[in-house]
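Asks: what's the 3D shape of this:
(4 chains)
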Protein chains: 2
Amino acid sequence: MAKSTSKEAISAEEKIKAAARKVFTQKGYAATRTRDIVEEAGLNIALLNYYFRSKEKLFEIIMLEKMQEFFGIIIPFLHDETTTLDKKIEQITNRYIDMLLQNPDMPIFVLSEIRNNNGLFKKIQVGKILQSSHFVRQLKEKQPGVQPLHFIASMLGMIIFPFVSKPVFKSAGVLNEHGFATMMEERKKLLPKWIKAMLGTK
Amino acid sequence: MAKSTSKEAISAEEKIKAAARKVFTQKGYAATRTRDIVEEAGLNIALLNYYFRSKEKLFEIIMLEKMQEFFGIIIPFLHDETTTLDKKIEQITNRYIDMLLQNPDMPIFVLSEIRNNNGLFKKIQVGKILQSSHFVRQLKEKQPGVQPLHFIASMLGMIIFPFVSKPVFKSAGVLNEHGFATMMEERKKLLPKWIKAMLGTK
DNA sequence: GTCTATAACCTGATAGAC
DNA sequence: GTCTATCAGGTTATAGAC
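Replies: Here you go, the predicted model:
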């Protein structure tokens, strides 16, 4: 059945999915109980199993969704043949930070669940997509000596790592929620400069 | 009782601790069963409870140990008043990568467990140590406009992020175990150059 | 479709023999 | 100190009423 587009109330199925998104990404698969999810949704366990068969099946749906978002968001920019390398760096930085500010728990969730369960991830062809991208071709032209992987790992590290270590900042009293958001907004300006500076070295 | 320094066989207590280190860091607290730990140690559950009282108490011991290593390793370099900023960057990069190559699962373990359980972490005064360090004073002199936090987040991101995303590289077929180690060895040379290039921008 | 009650299983922890 | 057997509690999943 196609999803209704009218303004009618959200279905139980959708409520459970939304709750699962929230709880799974916050606590991870192993630490979440089906009870946590249905309580968050204001429903009961029977409904979860009625719609999704099992905790594991529900998790797969959420996990695939999150991996798609996490890895998919920069693909259009990587393949854009009309933009310069510098422009791509700016777009990726801005777009990624914006998306992660909406989903701050996503990186640590996706990365730690892939550690626990590489099976699900293999469906996504990250390696091939990257290697065949216009972005990597441009990188090789600009810096023939350096593996693009090194550059990409650095760029993504600068963007994503603050989200992964956000709980550390908060617990250590270095940053609160608002301070973190401000910092990431500043980084949208700062990182492209730093990333381009890396390209200037030999 | 002081730990024996002779070459006698490893005690059951030490065997369980070693097994716990391995299993907890690989799977995280929630996903490990006490049975996993004692099987790894070749012993039985009763021993675990005899020596450590509970799964949680054993976990706390391992977790404190790992946090100490993860956050503590760079402190001596941060406070060294005899070295230049450039030298510190080289030392931190080299030393951190070496340690993480020995403990590749450590970053994702420590960071995801802090997310789940900030209580344990609060005992370590990361924020104060950082702010009062010679390293941060040197940074402020060199780049008065930029928050040291931005710089540190970038530097640590470039160093640590590859370890956090290692399962992605492996599952995606981009790198195998040996390729990853090679890449990190290359990064010991590459990162100091890139990090210093960031300092040169305004 | 939704709910309550319960089954079936798993996991951490302990009792008690050696 | 070490082990086997077992308990107590919690968790997922389902049966069956509405």
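
Asks: CA atoms for contacts and neighbours, from now on please.
Replies: OK.

Asks: who's in contact with the residue nearest the centre of chain A?
Replies: Among the residues of chain A, the one closest to the centroid is residue A:70, at 2.9 Å (C-alpha atoms, centre = their mean). Residues near residue A:70 by C-alpha atoms under 8 Å, 6 or more residues apart in numbering or on different chains: A:106, A:107, A:110.

Asks: how much space between the closest residue to the second one other than its chain neighbours and residue B:137?
Replies: So the one you mean is residue A:107. Spatial nearest neighbour of residue A:107, chain neighbours left out: residue A:164 (6.3 Å); criterion: C-alpha to C-alpha, 6 or more residues apart in numbering or on different chains. Noted for residue A:164: a distance of 26 Å to residue B:137, by C-alpha to C-alpha, to the nearest Å.

Asks: Which one of those two is surrounded by more residues?
Replies: residue A:164 (26 against 16; other C-alpha atoms under 10 Å in any protein chain shown).

Asks: about what we covered before: out of the contacts of residue A:70, who has the most neighbours?
Replies: The residue in these with the most neighbours, by other C-alpha under 10 Å, is residue A:106 (25 neighbours).

Asks: My read is that that residue contacts residue A:100, right?
Replies: Yes: with contact defined as C-alpha atoms under 8 Å, residue A:106 counts as touching residue A:100 (7.2 Å).

Asks: and residue A:171, how many neighbours does it have?
Replies: 23.

Asks: Contact partners for it?
Replies: Contacts of residue A:171 (C-alpha under 8 Å, 6+ apart): B:118, B:121, B:122.

Asks: Name the member of the residues you listed that has the highest neighbour count.
Replies: Tallying neighbours with other C-alpha under 10 Å puts residue B:121 at the head of those, with 21 neighbours.

Asks: Break chain A into its domains for me.
Replies: A:10-64, A:73-200 (automatic domain parsing).

Asks: would you turn those domains into JSON lines with mean pLDDT?
Replies: Output for those, formatted as JSON lines (pLDDT from 0 to 100):
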{"stretch": "domain A:10-64", "mean pLDDT": "98"}
{"stretch": "domain A:73-200", "mean pLDDT": "95"}
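
Asks: how about the residues of chain A near DNA strand C?
Replies: Proximity of chain A to DNA strand C (C-alpha under 7 Å from any atom of the strand) is limited to residues A:11, A:12, A:13, A:43, A:44, A:45, A:46, A:47, A:50.

Asks: Now the third one. Nearest residue, chain neighbours left out?
Replies: In this case it means residue A:13. residue A:51 is the one closest to residue A:13 (C-alpha to C-alpha, 6+ apart), at 6.4 Å.

Asks: remind me, longest helix of chain A?
Replies: helix A:177-200 (DSSP state H).

Asks: That one close to chain B?
Replies: Yes: under the criterion of C-alpha under 8 Å from any C-alpha of the partner chain, chain B is reached by helix A:177-200 at A:183, A:187, A:193, A:194, A:195, A:197, A:198.

Asks: And for stretch A:78-91?
Replies: No: using C-alpha under 8 Å from any C-alpha, stretch A:78-91 never reaches chain B; the gap is at least 15.2 Å.

Asks: Send me that stretch as PDB with only the CA atoms.
Replies: The C-alpha coordinates for stretch A:78-91 follow below in PDB (Å, rounded to 0.1, in the frame of the first residue of the first chain):
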ATOM      1  CA  LEU A  78      31.600  13.600  -5.900                       C
ATOM      2  CA  HIS A  79      30.300  12.900  -9.400                       C
ATOM      3  CA  ASP A  80      29.500  16.500 -10.500                       C
ATOM      4  CA  GLU A  81      31.600  17.100 -13.600                       C
ATOM      5  CA  THR A  82      30.800  20.800 -13.700                       C
ATOM      6  CA  THR A  83      32.400  21.900 -10.400                       C
ATOM      7  CA  THR A  84      36.000  22.600  -9.500                       C
ATOM      8  CA  LEU A  85      37.800  20.600  -6.800                       C
ATOM      9  CA  ASP A  86      37.700  23.600  -4.500                       C
ATOM     10  CA  LYS A  87      34.000  24.000  -5.000                       C
ATOM     11  CA  LYS A  88      33.400  20.300  -4.200                       C
ATOM     12  CA  ILE A  89      35.300  20.600  -1.000                       C
ATOM     13  CA  GLU A  90      33.100  23.500   0.100                       C
ATOM     14  CA  GLN A  91      29.900  21.700  -0.900                       C
END
